[in-house]
Every structure is written in structure tokens, then in C-alpha cells.
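1. sequence and predicted structure, then a few things I'm wondering about:
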Amino acid sequence: VQLQASGGGSVQPGGSLRLSCTVSGFSLDSYAIGWFRQAPGKEREGVSCMRSLDGSRYYSDSVKRRFTISRDNAKNTAYLQMNSLKPEDTAIYYCATCLGPTIFDYWGQGTQVTVSS
């Protein structure tokens, strides 16, 4: 099981980024997939989770209406579209299989997102 997040970078407040998560070793359509983030000195925060069964989505209150999770099962890839980025969104973002809205079990290397003017 491998998951690889990419697409991070530096952006000004109000900007946008799209993160990608490429998975291998399993079929994405059989798993819920999500994202969590880790900022220095802060607890890990579950950002989003999307079920495979019905496509239902969970978002943390801090990113609701700004972030959108999606998946392309044919490409075994998941995405996180991040709009209206704020400095407090600065963190390393990891994609992971999720057992629940904020419960993650497998993840790979993350991608750094920095929001700064």
C-alpha cells in the first residue's frame, strides 16, 4: 500500500492549490480516502474524508466551503482543491485511507503547503 501526495507549494493568502494523491498497491475505489495535515507545534488535524460507497464527504469546520475533495478511481488518484487559502492552512498535508471522518490508517509522505504574504 503506497500513497504519495504532491502539489504543495507556497502561495499568498487568498490563493489556491490543488493537491494530488496517487495510490498504488490497492484499488482506490474500495477505500475511503482523505487528507490530514500537521503543522509545527499543533496536533494533527483531519481535513477531509470521502467515502467510496456513496461519495459522501466530510470536511473539518476550518476548511469547509474552501476545500473540495474528489477522486478519480480510474486513475487511482484523489485530489484536494484548496481555495481562499489562509496562513493558518500552512502545514504538511498527507493523503490517507480513512476509517472515519478523522481516523486515518495508511498514509505516505506528505506535501508542504505554505501560505504567506
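-> Received, thanks.

2. tell me what the longest strand along the chain is packed against?
-> Determined from DSSP state E, the single longest strand within the chain is strand 91-100. Here strand 91-100 touches strand 2-6, strand 17-24, strand 33-38, strand 45-50, strand 77-82, strand 103-107, strand 111-115, going by 3 or more C-beta pairs under 8 Å, 6 or more residues apart in numbering; DSSP states H and E. (Each C-beta comes from the backbone N, C-alpha and C, glycine too.)

3. point out the most buried one among these.
-> strand 33-38 (a mean of 24; mean count of other C-beta atoms under 10 Å).

4. my guess is Arg18 meets Ala5, correct?
-> No: counting by C-beta atoms under 8 Å, Arg18 sits too far from Ala5 to count as a contact (11.5 Å).

5. rewinding a little: quickly run through the sheet partners of the longest strand of the chain, with directions.
-> Strand 91-100 has the following strand partners under DSSP bridges: strand 33-38 (antiparallel), strand 103-107 (antiparallel), strand 111-115 (antiparallel).

6. can you tell me the distance between the two ends of stretch 13-26?
-> 36 Å (C-alpha to C-alpha, to the nearest Å).

7. what about it, average pLDDT?
-> Stretch 13-26 shows an average pLDDT of 96 in the prediction.

8. same check on stretch 88-101?
-> The model assigns stretch 88-101 a mean pLDDT of 94.

9. so which residue is dead centre in this protein?
-> Closest residue to the average C-alpha location of the chain: Trp35 at 2.9 Å, with C-alpha atoms, centre = their mean.
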